[in-house]
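Can you look at this prediction? I've put the sequence above it.
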Amino acid sequence: MEPLIMATEKADLRVSIGSLALQNPVMTASGTFGYGREFEDFVKLRGLGAVVVKGISLAPRAGNPPPRIVETACGMLNAIGLENTGVDRFISDKMPYLAALGVPVLVNILGDSVEEYRQLAGRLAGIPGIGAIEVNISCPNVKKGGVAFGTDPQMAAAVTAAVKGCSQVPVIVKLSPNVTDITVVARAVEEAGADAVSLINTLIGMAIDLRSRRPRLANVIGGLSGPAIKPVALRMVYQVARAVAIPVIGIGGIATAEDAMEFMLAGATAVQVGTANFVNPGACDEVIAGIAAYVTEQKMGSVRELIGALRVC
Amino acid sequence: MSQFQQKVELICFEALTEDIVRLTFNAPKIAAMARPGQFVMVQTSPGKDPLLRRPFSIHQVIRDGHLQILFKVLGKGTELLAQVRVGEQLSLLGPLGNGFTPGSPETACLVGGGMGIAPLLFLATRFLSKSSAAEVSPKMPMVILGARNRAELEPLVDDFRKVGVDVLAATDDGSFGHHGLVTDVLTKSNLPPGFGIYCCGPHPMMAAIARLCQQESRACQVSVETVMACGMGACLGCAVPLKAGGYAHVCSDGPIFEAEKLLWSL
Ligand SMILES: Cc1cc2nc3c(=O)[nH]c(=O)nc-3n(C[C@H](O)[C@H](O)[C@H](O)COP(=O)(O)OP(=O)(O)OC[C@H]3O[C@@H](n4cnc5c(N)ncnc54)[C@H](O)[C@@H]3O)c2cc1C
Ligand SMILES: Cc1cc2nc3c(=O)[nH]c(=O)nc-3n(C[C@H](O)[C@H](O)[C@H](O)COP(=O)(O)O)c2cc1C
Ligand code: FES
């Protein structure tokens, strides 16, 4: 363990997402890290690149009926139903602890109309400690018959512009992988002013119990995450990084430093660790230490040398 | 620090029946903090499938930082756990959850069914150590345990008797103790008012006991099971519906709940 810790101190792991400077490229993925505090016994919260919190809506949401999760081969499906405390209680109950950590807090927001996203961004504007807004556009647009914002380039752009219009901090748009061509949506949000994109959110899937002939989730369908989705996520990060000029944050099945650095080679400036936190609540520490060890061992000046350095013939 | 992720060594493996296994780990940090009713998340394999840890009640904490779990082999995860050998290491996360709120041993009745018996041994021994031997009758706390048959129940009943508590037993097939359900035994025992119930078992059993306690205005703490991904309040996957509306989270608000707060379905 000792050499790894020394390496962390020496290696240059700094990256930036627009105007947001990070001490290293490793963040937590929304919905897999609670509001941070849950992990204080297991991970060095102050050592993280950033903390991304559970998705927040304007009003509190109770979430879906159980069962909400089911394990699948090398992954899991979830249909939590965006349960959260609502933005007001988030600001009063959760932000003070998070702000005191001294690492940027990325607030993941969700809504069912463009107006709701706009209001959320307005409420969060100027709150100390918030380093960026991450816009979850994988939610259904109630006014457009429940089509997810993230599957329609125009709706995705409208949400982006609305949030951008009332935020002083960088706006990251989190892309849904449940589309035919993710680069179309990526370009649309870039044009609408997004400072960065993060991807991927979960892939829609389902699981069935043959014995009872019922779906294993009460919601019938849910989002697939974990190691099973990593190849799909890597492919999408690779494609998006070539299609846009803004920074890309890679997400999907990352559990080790090797996984994280593969995403950086594919074009990611930073990464998020999600489902792996459930299995190993110290996963982020290990990913950071592993990247630092690699940077030192390879005698690299900075971890930034990895970004997009994939050798394709 | 009150919770730990620890690699721990298996120091004792006991197969109580063909598919019921008791594991003893050397887990000093977790054992030192553990309270009855809390649980641990166990990594059943270092690989990616099965991916998630599995939750198990803390069955017993014994001297020198030893911690036990008791489980039935059901699927992939428990099959792998039943193959772990003495000397091998596993990752444990815990202690997790709230644990029971123990009242007085003199007015406590523990009711367990099947693997729900697991956390009650720890609770019974805590009750015994709380009461000075002189002032408490040897029969306290009162314990009612049920399982499918003698093979499954007898070894567990013996554990309670070894620590000095009396057990009323019930089996589905009548091969040991009362022929029938623990709820029958509980009804027949004419439990005096003022006695509180501490209950863990299959959902239908807990629902029946919750209903009984509601009729008698009796305090009842139940240990609830759901699927879990994280065990520590991060994924929000372990929701149970509340009578007042909305959901509680079994890993962080529970696993012990006052039965009257939950919305029971049969
Ligand atoms: C707080 C808590 C404490 C627990 N304590 C104990 C304990 O002390 N001893 C013990 O034996 N078990 C306990 N359990 C249940 C235990 O976690 C499951 O039996 C285990 O996860 C099954 O894993 P598996 O991989 O073998 O089965 P899987 O492959 O996941 O499932 C196999 C079969 O078992 C069923 N199953 C899965 N989980 C449960 C569950 N929680 N309850 C009922 N059926 C289930 C599945 O539907 C499936 O049919 C506890 C659960 C919780 C939430
Ligand atoms: C239980 C759970 C809850 C999630 N909640 C959110 C959320 O509120 N907002 C969001 O943008 N993504 C959410 N996600 C998606 C993750 O942030 C991440 O994009 C996805 O899980 C893929 O990464 P992984 O494979 O590393 O988990 C959730 C994922 C899981 C497993
Ligand atoms: S199991 Fe993850 S919140 Fe309870």
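Looks like it came in fine. Ligands and ions are numbered 1, 2, ... in the order given.

going forward, measure contacts between C-alpha atoms and count neighbours the same way
Will do.

Kindly report the residues of the stretch 51-200 of chain A close to ligand 2.
Within the stretch 51-200 of chain A, the positions near ligand 2 by CA under 6 Å from any ligand atom are A:54-55, A:78, A:82, A:136, A:200.

and the two most separated of those?
A:Leu82 and A:Ile200 (16.9 Å; CA to CA).

For the stretch 51-200 of chain A, which segments count as strands?
Along the stretch 51-200 of chain A, counting by DSSP state E, counting those that start in this stretch, strands occupy A:51-52, A:69-72, A:75-78, A:105-109, A:130-136, A:140-141, A:147-148, A:171-174, A:196-199.

Return the member of the ones you listed having the minimum mean pLDDT.
Mean pLDDT is lowest for strand A:140-141 among the strands of the stretch 51-200 of chain A, at a mean of 75.

What is it packed up against?
strand A:147-148 (3 or more CA pairs under 8 Å, 6 or more residues apart in numbering or on different chains; DSSP states H and E).

Neighbouring strands - and their directions - for the strand it packs on?
Here strand A:147-148 has these sheet partners by DSSP bridges: strand A:140-141 (antiparallel).

any idea which helix or strand carries B:Cys213?
helix B:203-215 (DSSP states H and E).

which ones are touching A:Ala186?
A:175, A:197, A:240, A:243-244 (CA atoms under 8 Å, 6 or more residues apart in numbering or on different chains).

just those residues now: which is nearest chain B?
A:Leu175 (20.3 Å; CA to the nearest CA).

and that closest one, what are its phi and psi?
The phi and psi values for A:Leu175, taken as degrees, to the nearest 10, are phi -90, psi 150.

right, and it touches A:Thr202 too?
No - using CA atoms under 8 Å, A:Leu175 is not in contact with A:Thr202, being 9.6 Å away.

Who has more neighbours out of these two?
A:Leu175 (26 against 23; other CA atoms under 10 Å in any protein chain shown).

mean confidence score for stretch A:249-258?
Stretch A:249-258 shows a mean pLDDT of 98.

Apologies, that question was intended for stretch A:272-285.
Average pLDDT, stretch A:272-285: 98.

does that stretch come close to ligand 1?
No - Stretch A:272-285 is not in contact with ligand 1 by CA under 6 Å from any ligand atom; minimum separation 13.7 Å.

and that stretch, how far from the chain's centre?
How far stretch A:272-285 lies from its chain's middle: 13 Å, per CA atoms, centre = their mean, to the nearest Å.

what about that stretch, how long is it end to end?
End-to-end distance for stretch A:272-285: 12 Å, by CA to CA, to the nearest Å.

What lies in contact with it?
Under CA under 8 Å, 6+ apart, the answer for stretch A:272-285 is A:26-33, A:39, A:42-44, A:47-48, A:225-226, A:249-256, B:5, B:43, B:51-53, B:229-231, B:234-235.

before we move on, what about stretch A:26-45?
Outside stretch A:26-45, the residues within contact range by CA under 8 Å, 6+ apart are A:48-55, A:94, A:97-98, A:101, A:108, A:251, A:270-275, A:277-278, A:281-285, A:287-288, B:1-5, B:232-235.

quick revisit: show me which of A:Leu82 and A:Ile200 is the more surrounded one.
Using other CA under 10 Å as the criterion, A:Leu82 and A:Ile200 rank with A:Ile200 on top: 26 against 20.

tell me the contacts of the more buried one?
Going by CA under 8 Å, 6+ apart, A:Ile200 touches A:174-177, A:233, A:236-237, A:250-252.

Show me the beta-bridge partners of the closest residue to it other than its chain neighbours.
Closest residue in space to A:Ile200, ignoring its immediate chain neighbours: A:Ile251 at 5.3 Å, by CA to CA, 6 or more residues apart in numbering or on different chains. Assessed by DSSP bridges, A:Ile251 has beta-bridge partners A:Gln272.

ok, A:Ile251 - contacts?
Contacts of A:Ile251 (CA under 8 Å, 6+ apart): A:29, A:198-201, A:233, A:271-274.

if you set the cut-off to 6 Å instead, what comes out?
A:199-200, A:271-272 (CA atoms under 6 Å, 6 or more residues apart in numbering or on different chains).

ok, so of those, who is nearest ligand 3?
Proximity of the contacts of A:Ile251 to ligand 3 (CA to the nearest ligand atom) peaks at A:Gln272, which lies at 18.3 Å.

check whether stretch B:251-263 contacts ligand 3.
Yes - for stretch B:251-263, a contact with ligand 3 is found by CA under 6 Å from any ligand atom, at B:Cys251.

what's the offset of that stretch from the middle of its chain?
Relative to the centre of its chain, stretch B:251-263 is centred 14 Å away, using CA atoms, centre = their mean.

now swap in stretch A:38-45 and tell me
Worked out by CA atoms, centre = their mean, stretch A:38-45 lies 18 Å from the chain centre.

Where does the prediction get shaky in chain B?
Confidence mapping of chain B against pLDDT under 70 gives the ranges B:131-139, B:266.

which parts of it sit against ligand 2?
Within chain B, the residues that sit near ligand 2 (CA under 6 Å from any ligand atom) are B:Cys235.

Adding mean neighbour count, write the strands of the stretch 51-200 of chain A out as a markdown table.
A markdown table is the format used below for these (neighbours: other CA atoms under 10 Å in any protein chain shown):
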| stretch | mean neighbour count |
| --- | --- |
| strand A:51-52 | 28 |
| strand A:69-72 | 22 |
| strand A:75-78 | 24 |
| strand A:105-109 | 25 |
| strand A:130-136 | 25 |
| strand A:140-141 | 18 |
| strand A:147-148 | 18 |
| strand A:171-174 | 29 |
| strand A:196-199 | 26 |
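
Of those, which is nearest ligand 1?
When these are compared by CA to the nearest ligand atom, strand A:69-72 sits nearest ligand 1, at 7.5 Å.
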